[in-house]
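J.: Sequence and predicted model, in that order:
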Amino acid sequence: MKIIKSIGITLMLSYMLSLNKLKDQKHMRKIGAYIRKLRHKSYVEKMVTEMRAKVCSQAIMYGNVDKNSRDLFLKYNNYLRKLNKELE
């Protein structure tokens, strides 16, 4: 009887450890996904800053702004706002 109980306890403990490993893996995936989102947000912020500089320099130099540059700036800026709301 003692052998059967110890095998059962060993199996139960190994099962519990495997569940903990799965929970840790899921947690790590969530952390990885969050870090990827933060990196993507950083990239989009950089693009918005570059587009803003381009639009401002065109406005100062020529008095008007290229429609394509303006549309891209607005598109990236709206997307950045959406990302900021998601990450809050």
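T.: Great, that's in hand.

J.: Just the element for residue 31, please.
T.: Secondary structure from DSSP states H and E places residue 31 in helix 2-62.

J.: how far is the helix or strand that comes right after that helix from where the chain is centred?
T.: Sequence-wise, the next helix or strand downstream of helix 2-62 (DSSP H and E) is helix 67-87. Here helix 67-87 is found 16 Å from its chain centre; the criterion is Cα atoms, centre = their mean, to the nearest Å.

J.: So which elements touch helix 67-87?
T.: helix 2-62 (3 or more Cβ pairs under 8 Å, 6 or more residues apart in numbering; DSSP states H and E). (C-beta placed from N, C-alpha, C; glycine too.)

J.: For residue 28, which residues are in contact?
T.: Going by Cβ atoms under 8 Å, 6 or more residues apart in numbering, residue 28 touches no other residue.

J.: measure it to residue 35 for me?
T.: 10 Å (Cβ to Cβ, to the nearest Å).
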